[in-house]
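Engineer: sharing a sequence plus its predicted fold:
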Amino acid sequence: MIANKQEGRQKRRTRLRLFTFMLLATCIVLLNLPLFPSLVIRDSRSEQLVWSSRIKNDATFGMRWTHSIHRSSIEELYRIEQGQIILSEMTFHDYGIGMENDLAPGEELIFQDGQFRVLHMNRVFPALHLITGQVRADHTLLFAGTQIPLRSLIEPGSAITIQAEKRSILSEIGGY
């Protein structure tokens, strides 16, 4: 009779251990599932996360910088669709060296309010690779109504990658 009680306790202990292990494994899997669409900026060399923000479907963002030759502002508008970054519009003041001069089918160049605008662009990028300006470029991320100078996030002259990715609860908490 004592042996039966001990066997019963041993079986319950084994079941409890198995249940605890399965619960812990399930939690670890759930914490690592990539669930949250985000726009992220990473240092291209170390892949360390520099900045991240959750996004919704069809999110948009912009990049603004000063052209090194013309010393005028350039602004690009991007949208995110299915994890891809799509350049949809570009605005600039001076048309010349280093500026867009070939339009893809469907694109339109207009002059409006003293600026050139390339509309109806549909140029797809899996990620944007950029070396932040050291002298005058002053690259600025335009996101959700805010202006974020990239020099406030990473040292000027750094190589960065901007991309859309899904992040897990654990990566949101841990910042990687």
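Structural biologist: Received, thanks. For clarity, every value in this text was computed on a predicted model and none was experimentally measured.
Engineer: next one: the helix or strand bottoming out on mean pLDDT in the chain to chain centre, how far?
Structural biologist: Within the chain, no helix or strand scores below helix 169-174, which has a mean of 76 by mean pLDDT, DSSP states H and E. Using C-alpha atoms, centre = their mean, to the nearest Å, the distance from the centre of helix 169-174 to the centre of the chain it belongs to is 15 Å.
Engineer: what do you get for stretch 110-130?
Structural biologist: 19 Å.
Engineer: ok, residue 95 touching residue 117?
Structural biologist: No - using C-beta atoms under 8 Å, residue 95 is not in contact with residue 117, being 11.2 Å away. The C-beta positions use only the backbone N, C-alpha and C, and glycine is treated the same way.
Engineer: identify the bridge partners of the nearest residue to residue 123 once chain neighbours are set aside.
Structural biologist: Spatial nearest neighbour of residue 123, excluding adjacent residues (C-beta to C-beta, 6 or more residues apart in numbering): residue 87 at 4.2 Å. With DSSP bridges applied, residue 87 shows beta-bridge pairing to residue 78, residue 123.
Engineer: tell me how far residue 87 lies from residue 121.
Structural biologist: 5 Å (C-beta to C-beta, to the nearest Å).
Engineer: repeat that for residue 114.
Structural biologist: Residue 114 is 20 Å from residue 121, by C-beta to C-beta.
Engineer: from the rest of the structure, what touches stretch 142-159?
Structural biologist: For stretch 142-159, the surrounding residues in contact (C-beta atoms under 8 Å, 6 or more residues apart in numbering) are 39, 41, 43-45, 50-51, 53, 61-64, 75, 129-134, 138-141, 160.
Engineer: could you tell me the end-to-end distance of that stretch?
Structural biologist: End-to-end span of stretch 142-159 (C-alpha to C-alpha, to the nearest Å): 19 Å.
Engineer: from the contacts of stretch 142-159, keep the buried residues only.
Structural biologist: Buried members of the contacts of stretch 142-159, counted by 16 or more other C-beta atoms under 10 Å: 39, 41, 43-44, 50-51, 61-64, 75, 130, 132-133, 139-141, 160.
Engineer: give me the subset of these lying in strands.
Structural biologist: In strands, defined here by DSSP state E, the members of the buried ones among the contacts of stretch 142-159 are 39, 41, 43, 50-51, 61-64, 75, 130, 140-141, 160.
Engineer: in stretch 162-172, which residues are buried?
Structural biologist: In stretch 162-172, counting by 16+ other C-beta under 10 Å, buried: 162-164, 167-168, 171.
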